[in-house]
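Peer 1: 3D model of this:
(one chain, ligands or ions: 1)
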Amino acid sequence: MHEAAPKLAAGPIDVVVGILMKPNGDVLLGQRPAGKPYAGYWEFPGGKVEAGEALFAALQREFVEELGLHIDQATEWCGVEHVYEHAHVRLHFFISRAWQGEPQSLEGQAFAWQGKVGVAPLLPATIPLLEWLDLVRYPAYPRVLHK
Ligand SMILES: Nc1nc2c([nH]c(=O)n2[C@@H]2O[C@H](COP(=O)(O)OP(=O)(O)OP(=O)(O)O)[C@@H](O)[C@H]2O)c(=O)[nH]1
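Peer 2: Numbering: from 1, shown residues only. Sure, this is the predicted structure:
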């Protein structure tokens, strides 16, 4: 008799996240709307990558859907993997300093431009990013200095 094959753990879900950064270092955060896991928590805008979709295309799509913004250019910044009780996610964080339009609340969510981030609570996997942001906030990143 064969034993039942062990259930394979679901692989991580790819999520793209965009940090819009103004020249003065302010970044845009949104509050998760009712009905989603962690409703009311603050996050950087973004969402799940669809099957076969390129990361940057997914980022552009999410910003159009959620905020009515067009992202012209973004830099892939860092990746964070996190296991929540509802999902195992692999987050791909981008920084964009080039977009068109003003954010609109297309999903009824609140949003806020923040220098030192003062909104709370933040999604757990996003909390460490706030400290790392200070590394890239003011100079154009990456910046190479010459003698
Ligand atoms: N957008 C965003 N998602 C984040 C961040 N940090 C973080 O852990 N996540 C996680 O990444 C996942 C994003 O999924 P989502 O449910 O918002 O994606 P979505 O907009 O495509 O949702 P949908 O499935 O309702 O269409 C969630 O599990 C969320 O907890 C963040 O800073 N921004």
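Peer 1: which residues sit in contact with the residue positioned nearest the centre of the chain?
Peer 2: Taking Cα atoms, centre = their mean, the centroid of the chain lies closest to V17, which sits 2.1 Å from it. Residues near V17 by Cβ atoms under 8 Å, 6 or more residues apart in numbering: 43-46, 59, 91-94, 126. The way it works is simple: take the backbone N, C-alpha and C, and place the C-beta from them, glycine included.
Peer 1: Looking at those, state which has the most neighbours.
Peer 2: L59 (25 neighbours; other Cβ atoms under 10 Å).
Peer 1: Unless I misread the structure, that one falls within a helix.
Peer 2: Yes: applying DSSP: H, G, I helix; E, B strand; the rest coil, one finds L59 inside a helix.
Peer 1: And it, how close does it get to the ligand?
Peer 2: When distance is defined by Cβ to the nearest ligand atom, to the nearest Å, L59 is 10 Å away from the ligand.
Peer 1: count of residues packed around W113?
Peer 2: For W113, the count of nearby residues is 12 (other Cβ under 10 Å).
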